[in-house]
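[1] I'd like to go over a predicted model; first the sequence, then the structure.
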Amino acid sequence: MSNIDNMSVNAIRVLSADGVQKANSGHPGLPLGAAPMAYELWAKHMKHNPANPKWPNRDRFILSGGHGSMLLYSLLHLFGYGLTIEDLSQFRQEDSLTPGHPEYGHTVGVEATTGPLGAGMAMAVGMAMAEAHLAAKFNKEGYPIVDHYTYVLGGDGCMMEGITSEAMSLAGTLGLGKLIVLYDSNKISIEGDTDIAFTEDVKKRFEAFGFQTLVVEDGNNLEEIGAAIEEAKADLSRPSMITIKTKIGYGSPKEGLASAHGEPLGADNIRAMKERLGWPSQDAFYVPEEVYDNYNKLAKELAKDEANWNALFDKYSKEYPDMKALWDKYHDENVAKDLFDDEDFWAFEDKADATRNLSGKMINKIKNHLPNLIGGSADLAPSTKTYMTDMGDFSKNDYAGRNLHFGVRELAMAGIGNGLMLHGGLRAYVATFFVFSDYVKPMARLSALMGVPLTYVLTHDSIGVGEDGPTHEPIEQLAMLRAMPNFTVFRPADATECAAGWYYAITSTKTPTALVLTRQNLPQLSGSSKEALKGGYIISDSKKETPDAIILASGSEVELGIHAQAELEKEGIDVRVISMPSMDLFEAQPEEYKESILPKKVRARVAVEAATDFGWGKYVGLDGTTVTMKGFGASAPAGILFKKFGFTTENVVNAVKSVL
């Protein structure tokens, strides 16, 4: 290792340790051990341009071990991505650009929000799938305009999490040759030596997945690390995993200790570390000019990659103007908005149908309008109705296929979906049964946190699942997803509302959407309309200007509310029925609109939904009531279950009378 390379590696270590120490909070262990592999990758093997962090053909780098964020922040500072020494010194402080874990959209150069261990691994697989798909769609002979690698760095914790095995198993099956995993293997976790809970041979596991597996014995040897990276890049038939053996907290008196993982080293230990590393100053955040000069020189060299690509893309655009137009369409997030006035998009047959079926029809309309629509299910496409006809299957033999098969891997599916969206150029959806949103939730939360508008198609939405019984009947899941910030839950009652839900989902730019759909058939409702895009609207109004009572419902229960309204009218009770497909969208409306739908002076209110009542209280108030689920359901035909649990016209009528 040259002296300047050694100094440049140690600059990452020093800045990381100083940042954690100044904050008196953080994780110095990973940055100290992984600094050599990070420097070698970023300086000599990875295609990126600090002057334009978003250029499309850059290599992607994801720090899956997001607790080691100071490693990434130090790299971004040294390579000139815009983070200053002041930013590093404000690590973990209010409103800083250097939060405790890397946050996508907050800090330039951060490709994904990471922290939940293993999440970055799944998102990296999604990015590699996106690269493969776009390359298959756009590359022409002599014009490899989509040609980049995805690198992901994670440690023992990432390898323990189940999501990593789910995602990497699929990556191996798909032969994603441009996915490279850097395994920071230091055999230490928070509780101590990993042998207390983790003794498997990770290398053999990845071999079984179908990966090329390489080992670097000395995590400080740049030449050995570099040779392994190049060997990984050369094998395009399968993804690669490089085990790099490191020492957590390298260079400090805490080297190799669990205490180096998640707490500041302490002033004395940092002083000792700087002495051991031969650092020329004990001043915090000090970096010698020759080190900055080296990084500046590297950044200038890196800029040439983009310059060469820009020249290639200009030639490509002239030779293939139709492909350039298609490229622009793939990267236009507003292209779906003209569907609002597309009559065919909103057209439907006037017959009873399950909203999952209606959604499937919508997908097959949208696929022709959005050529970049890509998606699939966790082995449930025939049931979730999420297969795009005549669009092919994405596989090792055909990366151009638009139908994705995730296998029974719901958690990884959602993480991969995030990666597909984060890559850019694609509009993705993922699908499973609604009850299994429990498996999806952690990655859905990351979708919301990152502002990634991934669409979740969640079918079999209630006790209407029927014979499969309570294990498959979602009860509390609506409340769970509705509780999440920046996440839109949409439960349509018929075809028009289903179209509205899909329209919202594919035009959203910063918010993910869950479309919650029935297994059982529902009638098409005469009062439904595009007003569903407001989240809540009058689907069947009262005769009086001020109704006697209001019934609120979503999905399959809207029909029930309308039937109850008709029965109450016979008894001289005037009721307004509100369809509430999305509480989230309703809450976003102006107060004036909300008051026009739900006037405060009408306190007799009943909410009807085949799920827990949690969340309905703010709409029915202290004087209202609910017709909802109190338990977990049962195994029987759907019609029997709805009667068993009180979802009948008679019961809703009695509920309204009880609040008058």
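    Sure, I can see it.

[2] Look up how far residue 562 lies from residue 526.
    9 Å (C-beta to C-beta, to the nearest Å). Using the backbone N, CA and C atoms, a C-beta is placed for each residue, glycine as well.

[3] neighbour-wise, which of those two wins?
    residue 562 (22 against 12; other C-beta atoms under 10 Å).

[4] Now do the contacts for the more buried one.
    525, 527, 539, 540, 577 (C-beta atoms under 8 Å, 6 or more residues apart in numbering).

[5] Go again with 10 Å.
    493, 523, 525-527, 539-540, 551, 553, 575, 577, 579, 649 (C-beta atoms under 10 Å, 6 or more residues apart in numbering).

[6] try residue 566
    Counted by C-beta under 10 Å, 6+ apart, residue 566 has contacts 540, 575, 577, 649, 653.

[7] top of the residues you listed by neighbour count?
    residue 575 (29 neighbours).

[8] so what's that one bridging to?
    residue 549 (DSSP bridges).

[9] From residue 560, how far out is it?
    Taking C-beta to C-beta, one finds residue 575 at 12 Å from residue 560.

[10] Overlap of the contact sets of these two?
    Contacts common to residue 575 and residue 560, judged by C-beta under 10 Å, 6+ apart, are 551, 652.

[11] and the gap between the closest residue to residue 541 other than its chain neighbours and residue 241?
    Among residues not flanking residue 541 along the chain, residue 576 sits closest, at 5.6 Å (C-beta to C-beta, 6 or more residues apart in numbering). Shown here: residue 576 relative to residue 241, a distance of 60 Å by C-beta to C-beta.

[12] swap in residue 127?
    Relative to residue 241, and taking C-beta to C-beta, residue 127 is found at 16 Å.

[13] Contacts only, for residue 154.
    30, 34, 62-66, 68, 114, 117-121, 124, 161, 164, 181-184.

[14] same thing but at 8 Å, please
    64, 65, 117, 118, 120, 121, 164, 181, 182, 183, 184.

[15] Contacts only, for the residue nearest to residue 541.
    538, 540, 541, 542, 547, 549, 550, 551, 565, 602.

[16] Same question for residue 47.
    57, 58, 59, 148, 149, 302, 305.

[17] Check residue 273 too.
    13, 14, 17, 32, 251, 252, 253, 265, 279.

[18] Next, the contact list for the last one, please.
    Contact analysis of residue 279 by C-beta under 8 Å, 6+ apart lists 10, 14, 273, 286.

[19] again, but for the second one
    Residues touching residue 14, when contacts are defined by C-beta under 8 Å, 6+ apart, comprise 273, 274, 277, 279, 286, 287.

[20] Turn the residues you listed into CSV, including distance to residue 486 and pLDDT.
    Compiled in CSV, those are given as follows (distance: C-beta to C-beta, whole Å; pLDDT from 0 to 100):
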residue, distance to residue 486, pLDDT
273, 40, 98
274, 42, 98
277, 43, 97
279, 43, 98
286, 40, 98
287, 37, 98
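
[21] What is the nearest of the residues you listed to residue 355?
    Closest approach to residue 355 among the contacts of residue 14 (C-beta to C-beta): residue 287, at 58.4 Å.

[22] and the closest residue to the closest one other than its chain neighbours, how far is that from residue 92?
    Spatially, and ignoring its direct neighbours in sequence, residue 287 is nearest to residue 11 (5.1 Å; C-beta to C-beta, 6+ apart). Between residue 11 and residue 92 the distance is 20 Å, computed by C-beta to C-beta.

[23] For the two, indicate the residue with more neighbours.
    Counted by other C-beta under 10 Å, residue 11 and residue 92 do not tie: residue 11 has more neighbours, with 25 against 18.

[24] So the more buried one sits against residue 78, correct?
    Yes - counting by C-beta atoms under 8 Å, residue 78 is a contact partner of residue 11 at 6.1 Å.

[25] quick one on the thing from earlier: okay, residue 127 and residue 241: which has more neighbours?
    Ranked by neighbour count (other C-beta under 10 Å), residue 127 and residue 241 place residue 127 first, with 32 against 27.

[26] for that one, what are its contacts?
    60, 62, 111, 150, 419, 420, 422, 423.

[27] Quick one: those as TSV, columns for distance to residue 478 and neighbour count too.
    Listed next are the contacts of residue 127 as TSV, based on distance: C-beta to C-beta, whole Å; neighbours: other C-beta atoms under 10 Å:
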residue	distance to residue 478	neighbour count
60	35	26
62	32	28
111	32	26
150	35	28
419	27	32
420	26	28
422	27	26
423	30	24
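
[28] Toward the C-terminus, what is the element adjacent to the top helix by length along the chain?
    For the chain, the longest helix by residue count, based on DSSP state H, is helix 289-319. Scanning forward in sequence from helix 289-319 by DSSP states H and E, the next helix or strand is helix 321-330.

[29] what does that following helix contact?
    134, 137, 138, 140, 316, 317, 335, 371, 372, 425, 426.

[30] Need phi/psi at the nearest residue to the first one once chain neighbours are set aside.
    This points to residue 134. In this structure, residue 134 finds its nearest non-sequential neighbour in residue 146, 4.5 Å apart by C-beta to C-beta, 6+ apart. Backbone torsions of residue 146, given as degrees, to the nearest 10, read phi -110, psi 100.

[31] what's the neighbour count on residue 146?
    19.

[32] Start at 54, not 1
    Right, with 54 as the first residue, what we last looked at is residue 199.

[33] For it, give me its contacts.
    So residue 199 contacts 109, 110, 184, 187, 188, 190, 191, 192 (C-beta under 8 Å, 6+ apart).

[34] Wait, the fifth one touches residue 202, no?
    Spelled out, that is residue 188. No - Residue 188 is beyond contact range of residue 202, at 11.7 Å (criterion: C-beta under 8 Å).

[35] out of these two, which sits in the more crowded spot?
    residue 202 (23 against 17).

[36] follow-up on the earlier one: okay, and which of the contacts of residue 180 map to strands?
    Among those, DSSP state E puts 113, 115, 203 in strands.

[37] returning to what we had before: ok, so of the contacts of residue 180, who is nearest residue 399?
    Of the contacts of residue 180, the one sitting nearest to residue 399 (C-beta to C-beta) turns out to be residue 473, at 27.4 Å.

[38] what about stretch 56-68, distance to the chain center?
    Put simply, stretch 56-68 sits 34 Å off its chain's centre (C-alpha atoms, centre = their mean, to the nearest Å).

[39] try stretch 472-482
    9 Å.

[40] so how far does it reach from one end to the other?
    The straight-line separation of the ends of stretch 472-482 (C-alpha to C-alpha, to the nearest Å) is 12 Å.

[41] Repeat that for stretch 572-579.
    21 Å.

[42] Domain parsing of this structure, as residue ranges.
    Following the assignment in automatic domain parsing, the chain carries domains at 56-357, 388-575, 587-712.
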